[in-house]
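**Q** Requesting a structural model of the entry that follows:
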Amino acid sequence: MIIKHKVNVQNSCKKKLDSEHKRLIIKAITGTLENEGVDSRCVVNILITDDKGISEFNREYRDIDKATDVLSFPMQTFWKEGWTGHSDLEFDEDTGELPLGDIVISIDTVIKHAADYGNTVEYESVYMLIHSALHLLGYDHINECGEKAMQQKQDAIIKEMGFEKYNDK
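**A** Here you go, the predicted model:
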């Protein structure tokens, strides 16, 4: 049985989002969910913004007055990291879909990271989206153990998707 996840992408910045970049965004999210074995139809909302836009979210929700690369806003609570089924999750009664959460990503910071790390903008975008999707599934990096597990997951998923780092800075 093939599950088709729903990924809504909105762009609020001046930089135009072409169809190829939008396809990569959807692939990053659905690839992460498939890799984690998510067997329920999920909904993830993505907002592509700039440093000014993400700064506003960061200030409002985290009391940090600066830009960042990506923010995750989970709508579900996972008692342990990763997908273990859907017994305690809250589905939308009207659609039967599972709202996983929202992701806000700054294209400005992604472009800066790509230059800093010697990677493509596409690679950095996909990497940040995988990172954020894992947060929606309960992964975190508040300690060294969690950071290592999350890093390994990200690397495995991005490699499975066929992306290679140009540089290992």
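
**Q** ok, the closest residue to Arg59 other than its chain neighbours to Arg23 distance?
**A** Residue nearest to Arg59 in three dimensions, not counting chain neighbours: Asp65, with 5.0 Å by CB to CB, 6 or more residues apart in numbering. For the C-beta atoms, the positions are set from N, CA and C on the backbone; glycine is no exception. As for Asp65, its distance to Arg23 is 34 Å (criterion: CB to CB, to the nearest Å).

**Q** about what we covered before: does the residue nearest to Arg59 count as helix, strand or coil?
**A** coil (DSSP: H, G, I helix; E, B strand; the rest coil).

**Q** Phi and psi next, for it.
**A** Backbone torsions of Asp65, given as degrees, to the nearest 10, read phi -100, psi 60.

**Q** got the contact list for it?
**A** 55, 58-59 (CB atoms under 8 Å, 6 or more residues apart in numbering).

**Q** tell me which element Phe73 falls in.
**A** Element membership of Phe73, judged by DSSP states H and E, is strand 70-74.

**Q** List the contacts of the very next helix or strand once past that strand.
**A** Going down the chain from strand 70-74, the next helix or strand is strand 98-106, by DSSP H and E. With contacts defined as CB under 8 Å, 6+ apart, strand 98-106 is touched by 29, 33, 40-51, 53-54, 57, 67-76, 86, 89-92, 125, 128-129, 132-133, 136-137.

**Q** Mark which of the contacts of Asp65 are buried, thanks.
**A** Among these, those buried by neighbour count (16 or more other CB atoms under 10 Å) are 55, 58.

**Q** from the contacts of Asp65, which single one is nearest Gly96?
**A** Asn58 (33.2 Å; CB to CB).

**Q** part of a strand, is that closest one?
**A** No - counting by three-state DSSP, Asn58 is located in no strand; its state is helix.

**Q** quick one: buried residues of stretch 94-107?
**A** So, applying 16+ other CB under 10 Å, buried residues of stretch 94-107: 98-107.

**Q** cool, and stretch 22-38?
**A** Under the neighbour-count criterion of 16+ other CB under 10 Å, stretch 22-38 has 24-26, 28-33, 35-36, 38 buried.

**Q** if we can go back for a sec, among the contacts of strand 98-106, which ones are buried?
**A** By neighbour count, with 16+ other CB under 10 Å, the contacts of strand 98-106 hold 29, 33, 40-51, 53-54, 57, 67-76, 89, 125, 128-129, 132-133, 136-137 as buried.

**Q** distance of Met75 from Arg59?
**A** Met75 is 21 Å from Arg59, by CB to CB.

**Q** Please apply the same query to Lys15.
**A** Counting by CB to CB, the gap from Lys15 to Arg59 is 22 Å.
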